[in-house]
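Enquirer: below are the sequence and a predicted model; questions follow.
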Amino acid sequence: MSTYQWRGRVLVAGALCALLTVPAGAVNALGVAGMGATAVGGAMQGMLANGTIKDPFSADDAQPVGFGGLEKRVTENNMTIKVLERQLVGIGNTDIDGQFAGQEFSAEMMLSQAQGALAQAQEELKAAEEAGDAAGIAAATAAVQAAQQQVGSAQASIESIDEAKETAQRQLDDQYASLEKQIENIRQSLTVAAQGVYLALVSLADGLDTLDRNLDSLDRQIAVMEKQVEIGMVAPLTLENLRYSRTTLTSQRETLVTQQKQAQNQLAMLCGGDADSRLRITSVPQVTSAQLREMDYEDDLKQALDNSYSIWVKQDEVRQASNDYEDNVTSTVDYYEAAKLDLENEKENVTSSFRSLYTDVQEKQRLLQEAEEAYAMEEKNFAVDELQYERGMISQLDYQTAQDDLAAKQDAVDSAEIELFTAYNTYDWARRGYIGSTAGA
């Protein structure tokens, strides 16, 4: 951003809530915003002023953070991710062999005893046959048969235990792989949420700068109108209405300041901070021309399909359905065929969403170009106004209004730059495998 880097838009409460929407599981410290920015902000400021409640963020203690460092902060410090990673370690440390060791030992002992009994019965049968003892032969033969059954039973137990152990290990491996994928998806989701809050803070800062400029403009108008009231050119009620407008604008500014502090706290918590911490933005991200040139729909779509978590989930369901059919868990192939259809449908959904995201980047790029052209035209108009002011052809108030008009056009450029970056960042996340629920909407 250029000269008017932080100037921009005044956000209404609904837009702010939309920008600050975070995935399930993320801490939402801005639910109050949905109650109406003006009402809640005014009430809160009134209570703070009257000493009814204490502002938890009264001190200017927000720590700086850049947009580029958010992913690393979330990955390393977010408590939700830490908990899930500990669970993953627990699964990885699970000793399946140890769990089945007792059963294997018992089965092997039974087999050894049965084999010993079989050997003894076979020796007794041999001795009876050599002695020609018919009764002994019959008894020994029965003993051999009983021992053989015991050996077979013990061997079947060992095979059953081996199969159960293999199944348990396979299920544990599946659980580990599934949780690992879930953690990566949640990490991406929380990072996107943090980036969304960061960009909301950019908009809040822009809104505050716009309000400050509007307040300055009102102050100039009030000063002029006070003189006009003195000489009878304007009715006092007109001046009173203008002063009331300033009061309203001041209240709106206080609301944005409150929302800014809350957003800073939410950003800190997404990055692993506690309920009393805050982070403040230090840089405004921009898309480079090189990044835009490198966009290739076909190649990027292939990456998106290969990396998509939602597609991986459907692929895993196909695998499970196939295994269930092969293992006779289900008696028909219907579930397997349905899972394959569901997978193909999800691929189409991802493709459609990705196409919309690609198109959105192109649209935001076009809108930025329009805003830049409008600013360039306003610069020419301002140059004329500036020359007329220097020659005494227009008043100082008219000149200051022209400055405000130029700043407003710069606001539009700044806004378009942020919107282009947001569109590109969303596209880039889709390429990496994460498409939010609002993508393509």
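Expert: The structure has been received and is ready for your questions. As the structure is a prediction and not an experimental result, all values here were calculated from the model. Numbering: from 1, shown residues only.
Enquirer: you'd agree Thr351 is in a helix?
Expert: Yes - under DSSP: H, G, I helix; E, B strand; the rest coil, Thr351 sits within a helix.
Enquirer: can you tell me the closest non-neighbouring residue to it?
Expert: In space, and not counting its chain neighbours, Thr351 is closest to Leu301: 6.5 Å by CB to CB, 6 or more residues apart in numbering. (Each C-beta comes from the backbone N, C-alpha and C, glycine too.)
Enquirer: right, and that neighbour touches Glu348 too?
Expert: No - between Leu301 and Glu348 there is no contact under CB atoms under 8 Å: 11.9 Å.
Enquirer: if you count what's nearby, which of the two comes out ahead?
Expert: Each of Leu301 and Glu348 has its neighbours counted (other CB atoms under 10 Å); Leu301 has more, 17 against 9.
Enquirer: can you pull the pLDDT of that one?
Expert: The model reports Leu301 with a pLDDT of 97.
Enquirer: find the centremost residue of this structure, please.
Expert: Ser189 (1.9 Å; CA atoms, centre = their mean).
Enquirer: and it, what element?
Expert: helix 134-230 (DSSP states H and E).
Enquirer: that helix packs against which elements?
Expert: When contacts are defined as 3 or more CB pairs under 8 Å, 6 or more residues apart in numbering; DSSP states H and E, helix 134-230 packs onto helix 13-19, helix 70-77, helix 79-92, helix 96-131, helix 236-270, strand 279-281, helix 309-326, helix 396-432.
Enquirer: cutoff 6 Å now
Expert: Contacts defined by 3 or more CB pairs under 6 Å, 6 or more residues apart in numbering; DSSP states H and E place helix 134-230 against helix 70-77, helix 79-92, helix 96-131, helix 236-270, helix 396-432.
Enquirer: packing partners of the shortest one?
Expert: If I follow you right, that is helix 70-77. Short answer (3+ CB pairs under 6 Å, 6+ apart): helix 70-77 packs on helix 134-230.
Enquirer: tilt between the helix it packs on and helix 396-432?
Expert: 170 degrees (axes from the mean of the first three to the mean of the last three CA atoms, to 10 degrees).
Enquirer: so helix 134-230 versus helix 70-77, what angle?
Expert: Using the same axes, to 10 degrees: helix 134-230 against helix 70-77 is 130 degrees.
Enquirer: just use 33 as the starting number from now, easier for me
Expert: In the new count, where the first residue is 33, that last one comes out as helix 166-262.
Enquirer: from Leu375, how far out is Ala403?
Expert: 42 Å (CB to CB, to the nearest Å).
Enquirer: tell me which of those two has more neighbours.
Expert: Neighbour count, other CB under 10 Å: between Ala403 and Leu375, Ala403 has more, with 21 against 17.
Enquirer: can you pull the contacts of that one?
Expert: Ala403 makes contacts with 444-445, 448, as judged by CB atoms under 6 Å, 6 or more residues apart in numbering.
Enquirer: now swap in Ala226 and tell me
Expert: Ala226 touches 102, 106, 302, counting by CB under 6 Å, 6+ apart.
Enquirer: 7 Å instead?
Expert: Ala226 sits next to 102, 106, 299, 302-303 when contact means CB atoms under 7 Å, 6 or more residues apart in numbering.
Enquirer: closest to Gln352 among those residues?
Expert: Each of those was scored against Gln352 by CB to CB, and Val106 proved nearest at 30.7 Å.
Enquirer: the residue nearest to the closest one when sequence neighbours are not counted - how many residues pack around it?
Expert: Residue nearest to Val106 in three dimensions, not counting chain neighbours: Thr223, with 4.7 Å by CB to CB, 6+ apart. By the measure other CB under 10 Å, the count of residues near Thr223 is 22.
Enquirer: I'd like to know how far Thr223 sits from Asn125.
Expert: Counting by CB to CB, the gap from Thr223 to Asn125 is 27 Å.
Enquirer: who's in contact with Thr282?
Expert: Here Thr282 is in contact with Leu247 (criterion: CB under 7 Å, 6+ apart).
Enquirer: roughly how far apart are it and Val261?
Expert: Thr282 is 21 Å from Val261, by CB to CB.
Enquirer: go on, Gln131?
Expert: Relative to Val261, and taking CB to CB, Gln131 is found at 89 Å.
Enquirer: same check, this time on Tyr367
Expert: 81 Å.
Enquirer: which residues touch the residue nearest to Val106?
Expert: Shown in contact with Thr223 (CB under 7 Å, 6+ apart): 102-103, 106.
Enquirer: could you do Val97 as well?
Expert: 105, 311, 313-314.
Enquirer: closest to Ala94 out of the residues you listed?
Expert: After measuring the contacts of Val97 against Ala94 - CB to CB - the closest member comes out as Leu311, at 6.1 Å.
Enquirer: count the residues that sit near the closest one.
Expert: With other CB under 10 Å as criterion, Leu311 counts 26.
Enquirer: again with Asp248
Expert: 12.
Enquirer: name the nearest residue to Leu375, ignoring sequence neighbours.
Expert: Using CB to CB, 6+ apart, the closest residue to Leu375 is Lys346 (4.1 Å).
Enquirer: and the one you found, how close does it get to Gln187?
Expert: Taken as CB to CB, the span from Lys346 to Gln187 is 41 Å.
Enquirer: please apply the same query to Gln298.
Expert: From Gln298 to Gln187 the distance is 62 Å (CB to CB).
Enquirer: those two: who's more crowded?
Expert: Higher neighbour count among Gln298 and Gln187: Gln298, with 26 against 15, using other CB under 10 Å.
Enquirer: closest to Arg351 among the contacts of Ala403?
Expert: The nearest one, if we look at the contacts of Ala403 relative to Arg351 and count by CB to CB, is Ala448, at 45.3 Å.
Enquirer: ok, the closest one - contacts?
Expert: 399-400, 403.
Enquirer: sort out which of the residues you listed are in helices and list them.
Expert: Within the contacts of Ala448, residues falling in helices by DSSP state H are 399-400, 403.
Enquirer: ok, back up a step: output the helices and strands packed on helix 166-262 as TSV; include the columns mean pLDDT.
Expert: Putting those into TSV (pLDDT from 0 to 100) gives the following:
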stretch	mean pLDDT
helix 102-109	94
helix 111-124	95
helix 128-163	93
helix 268-302	95
helix 428-464	94
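Enquirer: rewinding a little: touching, the residue nearest to Thr383 and Phe386? I think so.
Expert: Yes - if you go by CB atoms under 7 Å, Leu333 and Phe386 touch, sitting 5.5 Å apart.
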